[in-house]
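Visitor: What shape does this take:
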Amino acid sequence: MSGLKNELPLLSDKTIYPTQEIIFSHIGKARELWITLFDYISKNHPGISMEWRYYNDGKSWLMKITNKKKTVFWLSIQKDSFRTTFYFTDKAKPVIARSSVSDTLKEQFAKGKKYGAIRGITIQYKRKKDLKDAQELIRLKLSMK
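Guide: Numbering: from 1, shown residues only. Below you'll find the model as predicted:
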C-alpha cells in the first residue's frame, strides 16, 4: 500500500454494524463513487456477494466481496473516502502490465510487498477514474484461475 496514508480505522466498534447511513456519514463526497461502483457490480456481476465482518486483528469492519469462493476484493472505510484492495499472485503480473489500469497501480503491484504468494493493489476512491481501474481489476480478478 505504498503512498497511501495510514489513517486510524473507522468502523472500529464491534457492536455497530456498518449500515449504509453510517458508511455515507464517513465517506462524504465519495458517496457518489460508492453508489456508482456498487451499481456497476450489481448490473454487470450479479454473482458477486458482499459481506461485512468485524476483524479483531485490525479492530475494524471490512467488507469482503466474493464471487463463489473467490475473494474479488476487500473494502475499508476511511474519512471522506473508501478503498478497495485486490490481491493477485505473481502470475497476474503480465496480465496487469497489459491491462488498462493506471500506471500508478501497475507500479504499486510490481513493487508491492508480497504476503506469501500474493501482493495487493489498493485503490483510494477520490476521482471518477478510480472507478475505471476498479472495473478493470474486477474483470481481471474474475477472469483468472
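
Visitor: Need the three-state assignment for the residue nearest the centre of the chain.
Guide: Nearest to the geometric centre of the chain sits Thr84, at 1.5 Å (C-alpha atoms, centre = their mean). Secondary structure, DSSP: H, G, I helix; E, B strand; the rest coil: Thr84 is strand.

Visitor: That one pairs with what?
Guide: Leu75, Ile123 (DSSP bridges).

Visitor: Contact partners for it?
Guide: Neighbouring residues of Thr84 by C-beta atoms under 8 Å, 6 or more residues apart in numbering: Ile65, Phe73, Trp74, Leu75, Thr122, Ile123, Tyr125, Ala134, Leu137. (C-beta placed from N, C-alpha, C; glycine too.)

Visitor: Quick check: the gap between it and Leu33.
Guide: 11 Å (C-beta to C-beta, to the nearest Å).

Visitor: so what's in contact with these two at the same time?
Guide: In contact with both Thr84 and Leu33: Tyr125, using C-beta under 8 Å, 6+ apart.

Visitor: So, low pLDDT: which residues of the protein?
Guide: In the prediction, the chain carries residues with pLDDT under 70 at positions 1-9.

Visitor: Where do the helices of it begin and end?
Guide: 20-27, 31-44, 93-98, 103-111, 129-143 (DSSP state H).

Visitor: just checking, which of the ones you listed sits deepest inside the structure?
Guide: Comparing the helices of the chain by mean neighbour count (mean count of other C-beta atoms under 10 Å), helix 129-143 ranks first with a mean of 17.

Visitor: now it and helix 103-111, what's the angle there?
Guide: Put simply, helix 129-143 runs at 40 degrees to helix 103-111, going by axes from the mean of the first three to the mean of the last three C-alpha atoms, to 10 degrees.

Visitor: and helix 129-143, how far from the chain's centre?
Guide: Put simply, helix 129-143 sits 10 Å off its chain's centre (C-alpha atoms, centre = their mean, to the nearest Å).

Visitor: quick revisit: among the contacts of Thr84, which one lies nearest to Asp39?
Guide: Proximity of these to Asp39 (C-beta to C-beta) peaks at Ala134, which lies at 12.2 Å.
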